[in-house]
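Trainee: From the sequence below, what's the structure:
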Amino acid sequence: MNTTVGLASALFFLSSAAIAQPVPANETDDYADDLAGYEEATGGELAADPLEPMNRVIHDFNYGVDYILIRPITKGYEFIVPEPGRKAVGRVVDNWEAPVVLANSLLQLDAENSFVTFWRFMFNTTLGVGGLFDIASEMGVPPRRDEDFGQTLGYWGVGHGAYLVLPIMGPSSLRDTPGKVVDWFLQPLNWGTKNWERFGMAATRGINYRSRYGNFIDDTYDNSLDPYATFRSLYLQRRDADVRNLRSDASPSE
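Mentor: Reported below is the predicted structural model:
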């Protein structure tokens, strides 16, 4: 096993020499500072919200579903599955997304992220048993940067459009919503699987997300004067940073 990992590591680093790109000395990954500068330049307005009355109704519906159904299921999941197990599930879920990330990285002409995503997927899917173990990071492969088709559209100059809240799925925009459809077709696991299998994957992804960010979500609902406006602002800022590759919290594992 150690010999296999060593050979794989050597293969990655030898091939990476042809694709590595130097980072300018003055380039920053400080997400907060870059967002602050963006807000100062734009007055904090990242997208229009002409659909706010409808969005608020859907937001309230989503809150009810979360409070009655999703949050209790997630708490049960956290009670039954210990933290190391939840982290392993998170790695597998992230690994599922690698084909989508790779396709969108290629569409954005991002050779470096395409390269990293491909090798992380190969190492973690094979040596890491489908992503249960983050072998790629142990081998020194850098984190990938998550990409989706909404970001791809943004890369090619398409703006957010109106802010949009989707039932169950939550915050989105008129640009990102069609992007979700494209990403569905870019996901190989959606092809050749049965409806219940796709539902199971989607449910696992949703519960993993709710568990990972549960404390933040609960704190926002409990402490924000206007949770709708808070989630809207945070979503649009995050998506703008995603498009401009300002976020520093790249996926450490698949």
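Trainee: following the helix or strand bottoming out on mean pLDDT in the chain, which helix or strand shows up next?
Mentor: Lowest on mean pLDDT, DSSP states H and E among the helices and strands of the chain sits helix 31-42, with a mean of 42. Counting by DSSP states H and E, the next helix or strand C-terminal to helix 31-42 is helix 52-65.
Trainee: which element follows that following helix toward the C-terminus?
Mentor: helix 71-80.
Trainee: tell me what the helix or strand following that next one is packed against?
Mentor: Heading C-terminal from helix 71-80, the first helix or strand you meet, by DSSP H and E, is helix 83-96. Where contact means 3 or more CB pairs under 8 Å, 6 or more residues apart in numbering; DSSP states H and E, helix 83-96 is packed against helix 111-126, helix 195-212. In this view, the C-beta of every residue, glycine as well, is placed from N, C-alpha and C.
Trainee: just the angle between helix 83-96 and helix 195-212, please?
Mentor: 120 degrees (axes from the mean of the first three to the mean of the last three CA atoms, to 10 degrees).
Trainee: residues in contact with helix 83-96?
Mentor: The contact list for helix 83-96, computed with CB atoms under 8 Å, 6 or more residues apart in numbering, reads 77-78, 81, 121, 124-125, 128, 130-134, 187, 189, 201, 204-205, 208, 211-212, 251, 253-254.
Trainee: Pull the number of nearby residues for Gly200.
Mentor: Gly200: 12 surrounding residues under other CB atoms under 10 Å.
Trainee: what's the pLDDT at it?
Mentor: Per-residue pLDDT puts Gly200 at 90.
Trainee: before we move on, what about Gly206?
Mentor: At Gly206, the pLDDT value in this model is 92.
Trainee: Leaving out sequence neighbours, find the closest residue to it.
Mentor: Nearest residue to Gly206, sequence neighbours excluded (CB to CB, 6 or more residues apart in numbering): Ile70, at 7.1 Å.
Trainee: Before I go, just wanted to say thanks for your time.
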